[in-house]
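1. Fold the following for me, if possible:
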Amino acid sequence: MEPHKPVVAYYHDEESGNYCYTVNHPWRPHRSKLVHNIVTGYHLEKEMIIHRPRPRTFEELTEFHADDYVNFIKQVTPETTQEYMQQLKRFNMGAPGESDCPIFDGMYEYFALLSGGSVDGAAFLAEGKADIAFNWSGGMHHAKRAEASGFCYINDIVLSILELLKTYRRVLYVDIDIHHGDGVEEAFYLTNRVMTVSFHRYGDYFPGTGAIDDLGHGAGKGYCVNVPLKDGMDDESYRYVYEPIMSKVMEMYQPEAIVVCSGADSLSGDKLGCFNLSLQGHSNCVEFLAKYKVPLLVVGGGGYTLRNVARCWAYETGRLMGHDLPDRLPESVLNSFNYYMDNERLRIEVSNMENSNTRKDLEKIKQKVLQQLSELPPVPSVPLIVTPATAKIPDLPDEDPDVRGGGEAHEDRRYNADGEEQAESDAQRERRKGGVAAVKQELAGSVAPLVPAAADANGAAADVKAEPADAAAADGDISLEADEKLVNMSPPPAEVDAAVAAAGAAGDAVAAEPAAAARVATPPPPAASFAAGGEQTAAAPADVVPMEQD
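-> Next up, the predicted model:
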């Protein structure tokens, strides 16, 4: 019997990668494009439901943040910072180049968009439409209710947890970013409905919070768990403290949903980090939680060596979907961005840095945290109350997240910019539908014809999602246009009827001119992309062998 494959929702909008804090700022929104490029390079998008997030409105952002704070982010621009000096100081922001949290163009739109991915993912999980949801653009775990901090302005994690609490009684938040998740911990410091667990570098290190004795207060006492660590944490040391503590957390708290901040600055070689984790060690933390089969929302976080951040999050996407991705990066990835010329491979090497965490110190920390968890009261419940309305989930998008105006209704037909129809070649279509198996076959150097991902009893290819723009361009320099433009490009019905009639009268002359016949042929109906009830389906490649489940 094959192991159950989780239903995965993935949130991405190419616009989220087009913003810039300042030229030399370490936070690069461009990371999300790099991640998406590797994900589509391995054709993982064929096996998950892809959404374009809906930006949060002012009212939705103020479900956690203060009205005047959000209004300030919406109004201020780099050109008007001199007019808001008092507010800049109050909200812990500054002019470009003068602060960790600078004012930059489009900041309100950027944070509304990335928050949309996290909240939409939480709502999608709460409706039972997916088992796992990814929003790699999110992870602003330092932002406070009315204060920016550590490159974070709007706390999408808190907003997503608030959305989950409308459905679930208990939510677990786990932070494996190298920095302490202080903004999320502060938001839920007084409640037992959310348990926050943070594994982080502690000491003379930003933000300076997260001591092992910080446990929460009032009803929330004992529901804040902090695991302070030193420089040089490697895979073995991390696993030594992580797995026993998280096992105890799951036993004592029994969460109904989990949110993970998978910050990649805990990887070896990060520009601002000082841990020594490999991709496998980092991913093991998220995979360990996924084994409990609890609805799981995974967001990004820190990470400042861009090539390794993209590798890490794409690798974790594959692992949670049941794939051990080939180490050789696909050619489409190598040709798109010149970030991976160090070794052209997915996995990274760890360094020989010294591990300052002795086994004795780790054992002491582990035993103290386990003792704190053992003293928790029975699993908290919730009285009967009127819950707020859940977030509305828009219908699944009819456009590729990489292309504005591109539509899934045009999956099997493409149009050139001059308006002339051009059918997708068989080779291009089969490669696009091949999924991860096609990539593995390519990387193995095989030249055998690629087979469709799946077929029905009549040999028809199974429904698959529209290809991303990068893949389409790589296969034939073909572009998607807006639906309205596609209609305008098509010949008028009267011309088509006349051409068909002429072709029938010509008889054998038409057979001698197949190109002319192709121009007047009626386009085939688009492949169905949605199942009954409006849910989108994505067939897994038949020849992909899932990784073994523990």
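2. can we go C-alpha only for contacts and neighbour counts from here?
-> OK.
3. hmm, who's touching stretch 105-123?
-> With contacts defined as CA atoms under 8 Å, 6 or more residues apart in numbering, stretch 105-123 is touched by 9-12, 16, 19-21, 52-57, 61, 73-74, 77-78, 133-135, 137-138, 153-157, 159-161, 163-164, 297, 299, 390-393.
4. What's the PyMOL syntax to select whichever of these are buried?
-> Remark: buried members of the contacts of stretch 105-123, expressed as a PyMOL selection using 16 or more other CA atoms under 10 Å:
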select buried, resi 9+10+11+12+16+19+20+21+52+53+54+55+56+61+73+77+133+134+135+137+138+153+154+155+156+157+159+160+161+163+164+297+299+390+391
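5. Narrow the contacts of stretch 105-123 to those in helices?
-> 61, 73-74, 156-157, 159-161, 163-164 (DSSP state H).
6. Make CSV out of those and add pLDDT and distance to residue 311.
-> Shown next, in CSV, are the ones in helices among the contacts of stretch 105-123 (pLDDT from 0 to 100; distance: CA to CA, whole Å):
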residue, pLDDT, distance to residue 311
61, 98, 31
73, 97, 32
74, 96, 33
156, 98, 23
157, 98, 22
159, 98, 27
160, 98, 25
161, 98, 27
163, 97, 29
164, 97, 29
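7. got TSV for the residues you listed, with distance to residue 37 too?
-> Below are those laid out as TSV (distance: CA to CA, whole Å):
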residue	distance to residue 37
61	29
73	30
74	30
156	23
157	24
159	27
160	25
161	28
163	29
164	29
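8. and which of these is nearest to residue 102?
-> Using CA to CA, residue 73 comes nearest to residue 102 of these, at 10.9 Å.
9. And that closest one, how far from residue 97?
-> Separation of residue 73 from residue 97 (CA to CA, to the nearest Å): 17 Å.
10. Next: residue 351.
-> Distance from residue 351 to residue 97, by CA to CA: 32 Å.
11. Just give the closest residue to residue 325, not the sequence neighbours.
-> Of all residues not flanking residue 325 in the chain, residue 318 sits nearest, at 6.5 Å (CA to CA, 6 or more residues apart in numbering).
12. residues in contact with residue 58?
-> The contact partners of residue 58, by CA under 8 Å, 6+ apart, come to 70-71.
13. Where do the strands of the stretch 101-250 of the chain begin and end?
-> In the stretch 101-250 of the chain, the segments counted as strands under DSSP state E, counting those that start in this stretch are 132-135, 171-175, 194-201, 224-229.
14. Give me the helix or strand of this protein that scores worst on average pLDDT.
-> strand 413-415 (a mean of 36; mean pLDDT, DSSP states H and E).
15. Give me the packing partners of the host helix or strand of residue 364, helices and strands only.
-> Following DSSP states H and E, one finds residue 364 within helix 359-374. For helix 359-374, the elements it packs on are strand 224-229, helix 235-253, judged by 3 or more CA pairs under 8 Å, 6 or more residues apart in numbering; DSSP states H and E.
16. of all the ones you listed, which gets the most neighbours per residue?
-> strand 224-229 (a mean of 24; mean count of other CA atoms under 10 Å).
17. Can you give the contact residues for that one?
-> 185, 189, 195-202, 210-216, 357, 365, 369.
18. Quick one, grab the pLDDT at the closest residue to residue 189 other than its chain neighbours.
-> Of all residues not flanking residue 189 in the chain, residue 216 sits nearest, at 4.9 Å (CA to CA, 6+ apart). We have a pLDDT of 97 for residue 216.
19. repeat for residue 379
-> The predicted local confidence for residue 379 is 85.
20. quick one: secondary structure of it?
-> Assigned state for residue 379: coil (three-state reduction, DSSP: H, G, I helix; E, B strand; the rest coil).
21. what about it, neighbour count?
-> The local packing of residue 379 (other CA atoms under 10 Å) involves 13 other residues.
22. tell me the contacts of it?
-> Contacts for residue 379 (CA under 8 Å, 6+ apart) come out as 252-254.
23. Same question for residue 191.
-> Applying CA under 8 Å, 6+ apart to residue 191 gives the contacts 217-221, 223.
24. Now do it against residue 116, distance only.
-> From residue 191 over to residue 116 the distance is 25 Å, taken as CA to CA.
25. same check, this time on residue 128
-> For residue 128 relative to residue 116 (CA to CA), the value is 18 Å.
26. out of these two, which sits in the busier spot?
-> Applying other CA under 10 Å to residue 128 and residue 116 shows that residue 116 carries more neighbours, namely 26 against 10.
27. how about the helices and strands packed on helix 359-374 in TSV, adding distance to residue 338?
-> As requested, the helices and strands packed on helix 359-374 are exported to TSV (distance: least, CA to CA, whole Å):
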stretch	distance to residue 338
strand 224-229	34
helix 235-253	28
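28. Tell me which of the ones you listed lies nearest to residue 34.
-> helix 235-253 (24.9 Å).
29. tilt between that closest one and strand 194-201?
-> For helix 235-253 against strand 194-201, the angle by axes from the mean of the first three to the mean of the last three CA atoms, to 10 degrees is 170 degrees.
30. In its sheet, which strands sit next to the helix or strand following helix 235-253, and in what direction?
-> Per DSSP H and E, the first helix or strand lying C-terminal to helix 235-253 is strand 257-261. Looking at strand 257-261 with DSSP bridges, its partner strands are strand 171-175 (parallel), strand 296-299 (parallel).
31. distance of residue 342 from residue 216?
-> Counting by CA to CA, the separation of residue 342 from residue 216 is 44 Å.
32. The two: which is more packed in?
-> The residue with more neighbours, out of residue 342 and residue 216, is residue 216; 21 against 9, by other CA under 10 Å.
33. hang on, residue 369 packs against residue 247?
-> No: the pair residue 369 and residue 247 fails to qualify as a contact (CA atoms under 8 Å) at a distance of 11.9 Å.
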